[in-house]
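Peer 1: structure of the sequence below:
(one chain, ligands or ions: 1)
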Amino acid sequence: MKKLPIRPLPPSRALGAEISQDPFDLLSPVLRSFSFHHPREDTAPIERAWQVAKSLHEGQFRASGEPYISHPLGVAQILADLGSDRDMVVAGLLHDTVEDTGYSLEECRRDFGEAASLVEGVTKLSSISRELSSAETIRKLILSMQQDARVGVVKIADRLYNARTWRFMPPQKASRKAKETLDIYVHLADRLGMGAVKTELEELSFKYLDPKIYKAVVRMVAARAGSRDAYLRNMMEEVRVALKKGGIRAAITGRLKSYFSIYRKIVVLKKDFDRIYDYVGIRVVVDSPQDCYSAMGIIHERWRPVPNRIKDYIASPKPNRYKALHTTIVGDSGQEIEIQIRTEEMHREDEYGIAAHWRYKELGDFESPEWIGRMANWVKDLQDPSEILPALKSDLTSEEILTFTPKGKPIYLPEGACPVDFAYAVHTEIGNRAVGAKINGEPSSLSAKLKTGDCVEILTSPCPNSSPSPDWLSFVLTPKAKNKIKRSLPRGKNPEDAAMGKKIFLSSLLGGQKALSYSSLLQASRRLGFRNFNALCTALGEGKVQPAAVWKAALRGGASRESQESDKYSLSVAGVEKGEKIELAKCCKPVPGDAIAGFVTNSRGVRIHSVRCPDFIKLSEKMPDKVADAQWKGAKGEFEAEIEVLALDRQALLADLSRAISDACVDLSSSRQKVASNLVSAYFSFKICDLAQLERVTKSLEQVEGVIEVKRSKS
Ligand code: MN
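Peer 2: Residues are numbered from 1 along each chain as shown. Okay, here's the model as predicted:
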């Protein structure tokens with residue numbers, strides 16, 4: 001038996017968490033961590049960067065009230081803990097100086113050389129529209145990563161520090177950041193092999209993006225934590241004893257799966273929540289790869305492995321270099337449990353990823369992963385910035401397949417790609433002229449799905465100015481192909497223009513303070529000479545109309561017209577004939593307090609809808625001139641209300657929900673429910689007098705275990 005000392009495993013959650021005890025020497029934990037990974041390197045540039053950053057950020061503060069310098073310091077600490085090289089730690093300290101202080105990039109380059117390129121890569125682009133600027137900033141990040149992949153690591157460390165302080169942000173802003181993080185940065189961290197950062201970013205994003213569902217999962221996990229922990233402790237001890245008997249030295253830790261991965265298992269993979277043992281795992285760290293295999297053998301001798309769950313990522317690592325043995329065994333009590341076996345080096349690499357590679361100078365210069373270059377290539381060409389984020393998301397989340405040209409040149413494509421994607425990946429001209437394809441010598445359609453190993457030959461038209469077919473847009477997958485096809489289409493033919501127009505207009509709305517009523521948008525469309533709002537959006541998308549013009553036209557209206565009071569409800573409707581019957585719409589059942597609008601029907605008077613009612617939105621798009629502004633004038637009478645409850649499915653859920661409603665002292669008039677992917681949508685109807693009563697019911701339902709969200713249906 002070997003007697004190698006095993007260093008304690010670095011606790012993955014504590015990345016960058018060390019805080020100096022000495023207020024006059026805040027930098028020392030960073031230096032300590034850096035020197036631990038790079039014992040022979042000079043730390044003077046880091047100390048210099050610290051002095052510069054400290055004086056530049058002097059007088060600035062974070063939303064939390066802390067001095068601003070706490071942020072760059074924290075980012076540098078995360079980077080140092082990851083094992084990053086000196087330039088990266090320097091860049092961590094300086095990363096916000098160019099953006100937020102008078103320090104210029106030239107000065108930074110003069111003072112710190114190569115680290116300045118990393119600072120440049122993470123510096124935000126300022127632009128008028130917030131949405132477009134964040135897309136452009138990510139585009140710039142990807143392009144900088146093509147030059148130097150370390151930029152990505154610095155940016156991700158920055159995002160991690162910020163995500164940890166989202167609680168100081170307005171919830172809406174935090175949730176926007178969380179979405180961007182979940183869509184982009186989590187996948188970048190995964191691709192760069194930064195497992196610990198990826199998991200923490202995922203968890204924080206989940207918490208701020210969907211606080212309700214997050215809380216529901218936390219509550220359900222907590223309710224079962226006792227028996228789960230007992231089971232885990234017991235299994236860990238059994239594994240320890242078995243390995244010791246077999247002569248394998250091992251550090252054994254329990255692994256609680258993240259709330260995000262539990263949520264994904266329940267909702268996406270439709271696992272039963274009560275199989276709580278799926279939510280724990282055991283990690284075994286041993287001295288050598290040989291020991292990994294021996295340990296797995298010993299474990300399989302003692303417990304029965306579940307077929308098809310044995311994964312050898314040591315012999316064939318994942319594309320992000322992940323290495324380990326995975327197996328799921330059936331424990332003594334019949335419960336399955338996953339065991340991961342790896343060496344300490346594999347463990348470090350999984351947790352800290354690409355940054356850890358730069359520690360090993362003897363391995364030579366670390367080569368940038370191939371996918372970055374490919375991604376940068378299409379990102380560079382994308383003209384419409386609003387497409388960057390969705391396209392990046394789909395690129396980052398898809399599995400890769402490897403195909404070949406007839407000459408054997410490898411072409412990497414996302415899973416689900418077709419010959420048209422392939423053609424554009426080879427050359428734009430080949431894409432534009434494609435008329436057919438052969439896969440492995442067999443004629444096939446241009447929309448066929450390719451698989452790894454396919455050899456693809458594209459048949460092209462001899463005509464030099466042939467152009468792609470707009471139909472291709474319905475099946476191509478890669479952003480490059482989409483982009484090239486769209487560019488070659490005549491203007492106005494693009495089916496996505498309307499959607500684009502809506503986005504442009506909505507992002508201009510985000511900047512403005514004043515909300516526009518739907519009827520005023522419809523009126524604006526008419527004034528500008530369009531059939532309806534959709535037609536206006538198409539024009540916006542084509543760039544024929546500017547958002548400002550729409551604003552002007554919409555605000556021009558609003559001349560007050562005479563309004564009619566309803567005698568049945570306390571509300572008034574503008575611009576309808578006297579004596580017109582006023583009724584509440586059955587679809588959305590508005591209640592005093594809701595934003596409402598009237599719709600003038602042909603024979604049944606005016607129907608009052610909630611402005612968010614999907615039926616109303618459809619009607620008003622078709623017949624905008626029938627829309628009338630309406631307002632509540634108080635609250636009298638009885639109203640029918642319907643509530644929708646979204647919950648994680650479990651035993652006795654519906655009984656508990658019904659009890660919660662009767663506890664709130666309202667009488668149920670009807671209920672119905674549907675279940676999909678372990679999520680239950682239950683609908684309850686009852687009569688109420690005012691919104692306060694509705695609120696009581698909502699509160700009472702929210703207390704029920706497993707409930708994610710309670711809301712009015714269709715309003
Ligand atoms: Mn920052």
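Peer 1: how many neighbouring residues does the residue nearest to Leu188 when sequence neighbours are not counted have?
Peer 2: Spatial nearest neighbour of Leu188, chain neighbours left out: Gly152 (5.8 Å); criterion: C-beta to C-beta, 6 or more residues apart in numbering. (Each C-beta comes from the backbone N, C-alpha and C, glycine too.) Gly152: 27 surrounding residues under other C-beta atoms under 10 Å.
Peer 1: identify each buried residue in the helix or strand containing Gly152, please.
Peer 2: Applying DSSP states H and E as the criterion places Gly152 in helix 150-164. By 16 or more other C-beta atoms under 10 Å, the buried positions in helix 150-164 come out as 150-163.
Peer 1: export the residues you listed to a markdown table and tack on pLDDT and distance to the ion?
Peer 2: Output for the buried residues of helix 150-164, formatted as a markdown table (pLDDT from 0 to 100; distance: C-beta to the ion, whole Å):
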| residue | pLDDT | distance to the ion |
| --- | --- | --- |
| Arg150 | 88 | 16 |
| Val151 | 91 | 13 |
| Gly152 | 92 | 14 |
| Val153 | 92 | 14 |
| Val154 | 94 | 9 |
| Lys155 | 94 | 9 |
| Ile156 | 95 | 11 |
| Ala157 | 95 | 9 |
| Asp158 | 95 | 4 |
| Arg159 | 95 | 8 |
| Leu160 | 95 | 10 |
| Tyr161 | 94 | 7 |
| Asn162 | 94 | 6 |
| Ala163 | 95 | 11 |
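Peer 1: how far away is Pro390 from the ion?
Peer 2: Pro390 is 25 Å from the ion, where distance means C-beta to the ion, to the nearest Å.
Peer 1: is that residue in a helix, a strand, or coil?
Peer 2: Following DSSP: H, G, I helix; E, B strand; the rest coil, Pro390 is assigned to helix.
Peer 1: re the thing from before, how far is the helix holding Gly152 from where the chain is centred?
Peer 2: Averaged C-alpha coordinates place helix 150-164 at 15 Å from its chain's average position (C-alpha atoms, centre = their mean, to the nearest Å).
Peer 1: in the stretch 501-650 of the chain, where is pLDDT below threshold?
Peer 2: The model of the stretch 501-650 of the chain has pLDDT under 70 over residues 501-520, 542-543, 548, 551-552, 555-563, 575, 577, 635-636.
Peer 1: tell me which stretches of it form helices.
Peer 2: 518-527, 533-542, 547-556, 614-622 (DSSP state H, counting those that start in this stretch).
Peer 1: how far is the first one from where the chain is centred?
Peer 2: When C-alpha coordinates are averaged (C-alpha atoms, centre = their mean), helix 518-527 and its chain have centres 34 Å apart.
Peer 1: got the CA positions of it in PDB?
Peer 2: Taking Å, rounded to 0.1, in the frame of the first residue of the first chain, the C-alpha atoms of helix 518-527 are listed here in PDB:
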ATOM      1  CA  TYR A 518     -52.300  48.700 -26.200                       C
ATOM      2  CA  SER A 519     -55.100  50.800 -27.900                       C
ATOM      3  CA  SER A 520     -52.700  53.700 -28.300                       C
ATOM      4  CA  LEU A 521     -50.200  51.400 -30.000                       C
ATOM      5  CA  LEU A 522     -52.900  50.200 -32.400                       C
ATOM      6  CA  GLN A 523     -53.900  53.800 -33.100                       C
ATOM      7  CA  ALA A 524     -50.300  54.600 -33.700                       C
ATOM      8  CA  SER A 525     -50.100  51.800 -36.300                       C
ATOM      9  CA  ARG A 526     -53.100  53.300 -38.100                       C
ATOM     10  CA  ARG A 527     -51.800  56.800 -38.000                       C
END
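Peer 1: what residues does that helix touch?
Peer 2: The contact list for helix 518-527, computed with C-beta atoms under 8 Å, 6 or more residues apart in numbering, reads 531-533, 535-536, 550, 553-558, 597, 611, 617, 620-621, 624-625, 627-629.
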